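# sharing a sequence plus its predicted fold:
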Amino acid sequence: MSKLRAGLLMSTILAFAAPAWADTIHVGVTISQTGPAASLGIPQRNSMALLPREIAGQTIEYTVLDDASDTTKAVANTRKLIAEDHADAIIGSSTTPASLAMLPVAAEAHVPLISLAASAALIAPMDEQRKWVFKVPQNDSLMATAIASHMAANGVKTVGFIGFNDAYGDGWLNEFTKAATAKGIAIVDAERFARSDTSVTGQVLKVMAAKPDAVLIAGAGTPAALPQKTLHERGYTGKYYQTHGVANNDFLRVGGKDVEGTILPAGPVLVASELADSNPIKARALDYVKRYEAANGAGSVATFGAHAFDAGTLLAAAIPDALKKGKPGTPEFRAGLRDSLESQKNLVLTHGIATMTPNDHNGFDDRARVMVTIADGKWKPLP
């Protein structure tokens, strides 16, 4: 075959192949569908089915993998999604440790990462790696200040802390220490436990020996119920606080009567029907709840699934502008997607209203949190 004929043949192949490639945006997803964080990952997986499959004339293809709540698996999934599935963006993972481990992989490949984890350490301090990372859950710093303010307003002077012995617990201890200090509240004991622990009796006895006015448990999903149940069994009668990492019905089921009266900050979607009609988040949150429960059953909605839905909504808002910079599958498109994500302003999500900046890749303000309690096995907003 002559060089001319070979060149013409290659041009013909590319002419037919390029449109099919260029018309598909590949989104890779790695979430914790099994393991200790499954109560987060399962509603996130279910929410992926509610995301758009076509935007601005482009097909959106989602590849969803299970990282089994394992950091190493989350990194392996991220590498696969980028190298083999040619992901233009990554959503995940469900936990802070996994997301932190994924961060350098996505940044090195120049693929935007939208995390479903809470720690502010994912996006701050901003640097060359973190400029590729965005997150949709409220920062632990935003929620920690709400807890400290509620404690101070209700006479709490001393607090015992029991948190995960990983990056989630680290972030919460750091942020809550700052928030508590600002309110004149002393942390009299700080204990840690693993997500997979089946007993925390030693940690609970140490916290109770310090006789705190309240205990803050910094865990996520159903494992966060264990310290509170143990505290009840041992007779602790002070105030109980949890983080927004427990805001789903699985926590209510596992905790039962032992979590009655718990106080925590949560995203608006948790109590969407009780938001004021004037709240701009209410309509978006109620729409998500309606669609999710239509697909998964009444009472099945969880705030963690709404984070995944928000990640998809954020991505959908950024895609049209990114398409002006390049075709899907190209470095230009992925860079354009990063830039477009960073430029989103007043984007209404189920959990808040996001305004991104070069130094803030979460973009939420106080409207992204509501103080709630557990009464009669249900979530109730506090006055």
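On my side now, so go ahead.
# now do the helices in the stretch 201-350 of the chain.
201-209, 225-233, 249-255, 282-296, 303-322, 331-342 (DSSP state H, counting those that start in this stretch).
# just those helices: most buried one?
Ranked by mean neighbour count, the helices of the stretch 201-350 of the chain are led by helix 303-322 with a mean of 24 (mean count of other Cβ atoms under 10 Å). All C-beta spots, glycine's among them, are computed from the backbone N, C-alpha and C.
# re the thing from before, nearest to residue 188, out of the helices of the stretch 201-350 of the chain?
Closest approach to residue 188 among these (Cβ to Cβ): helix 201-209, 8.4 Å.
# now do the closest one against helix 225-233, angle only.
Interaxial angle of helix 201-209 relative to helix 225-233 (axes from the mean of the first three to the mean of the last three Cα atoms, to 10 degrees): 50 degrees.
# what about residue 29, helix or strand, and which?
Here residue 29 sits within strand 24-31, counting by DSSP states H and E.
# which outside residues touch that strand?
When contacts are defined by Cβ atoms under 8 Å, 6 or more residues apart in numbering, strand 24-31 is touched by residues 40-41, 44-45, 48, 55, 58-67, 74, 77-78, 81-82, 85-94, 98, 102, 116, 308, 315, 319, 328-329.
# buried sites along it?
25-31 (16 or more other Cβ atoms under 10 Å).
# just the buried residues out of the contacts of strand 24-31, in PyMOL syntax.
The buried residues among the contacts of strand 24-31 can be selected in PyMOL (16+ other Cβ under 10 Å) with this line:
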select buried, resi 40+41+44+45+48+55+58+60+61+62+63+64+65+66+67+74+77+78+81+82+86+87+88+89+90+91+92+93+94+98+102+116+308+315+319+328+329
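# let me see the mean pLDDT of the helix or strand that the strand holding residue 29 is followed by.
Going down the chain from strand 24-31, the next helix or strand is helix 38-48, by DSSP H and E. Taken as a whole, helix 38-48 has a mean pLDDT of 95.
# repeat that for stretch 254-264.
Rounded mean pLDDT across stretch 254-264 is 97.
# now do the contacts for residue 35.
Contacts of residue 35 (Cβ under 8 Å, 6+ apart): 41, 68-70.
# whoops, I mixed them up, residue 315
With the criterion set at Cβ under 8 Å, 6+ apart, residue 315 makes contact with 27, 89, 91, 114, 337, 341.
# just residue 132 next, same as before
Counted by Cβ under 8 Å, 6+ apart, residue 132 has contacts 103, 106-107, 110-113, 338.
# can you give me the neighbour number for the nearest residue to it once chain neighbours are set aside?
Of all residues not flanking residue 132 in the chain, residue 107 sits nearest, at 4.4 Å (Cβ to Cβ, 6 or more residues apart in numbering). Residue 107 has 18 neighbours, counted by other Cβ atoms under 10 Å.
# residue 107 and residue 73, how far apart?
Counting by Cβ to Cβ, to the nearest Å, the separation of residue 107 from residue 73 is 19 Å.
# got it, and residue 264?
29 Å.
# just residue 190 next, same as before
For residue 190, the distance to residue 73 - Cβ to Cβ - is 29 Å.
# tell me the secondary structure for residue 198?
Per DSSP: H, G, I helix; E, B strand; the rest coil, the secondary structure class of residue 198 is coil.
# roughly how far apart are residue 300 and residue 293?
6 Å.
# show me where pLDDT drops low in the stretch 201-350 of the chain?
Across the stretch 201-350 of the chain, nothing is flagged by pLDDT under 70.
# hmm, back to that, more neighbours: residue 264 and residue 73, which one.
Set residue 264 next to residue 73 and count neighbours by other Cβ under 10 Å: residue 264 wins out with 30 against 19.
# is the more buried one in a bridge, and if so with what?
With DSSP bridges as the criterion, residue 264 is bridged to residue 372.
# how about it, what does it touch?
Residue 264 neighbours (Cβ under 8 Å, 6+ apart): 147, 241-244, 246-247, 371-373.
# what's stretch 246-254 in contact with?
39-40, 43, 219-222, 224-225, 242, 259, 264, 266-267, 270, 299-304, 372, 374, 377-379.
# list buried residues within the contacts of residue 264.
So, by 16+ other Cβ under 10 Å, the buried ones in these are 147, 241-244, 246-247, 371-372.
# need those residues in a markdown table (columns: distance to residue 169).
Listed next are the buried ones among the contacts of residue 264 as a markdown table, based on distance: Cβ to Cβ, whole Å:
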| residue | distance to residue 169 |
| --- | --- |
| 147 | 15 |
| 241 | 14 |
| 242 | 13 |
| 243 | 10 |
| 244 | 14 |
| 246 | 14 |
| 247 | 17 |
| 371 | 22 |
| 372 | 22 |
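# so of these, which ones are in strands?
Those of the buried ones among the contacts of residue 264 mapping onto strands are 241-242, 371-372, per DSSP state E.
# please enumerate the helices of the stretch 51-200 of the chain.
Under DSSP H, counting those that start in this stretch, the stretch 51-200 of the chain gives helices at 71-83, 96-109, 140-153, 167-182.
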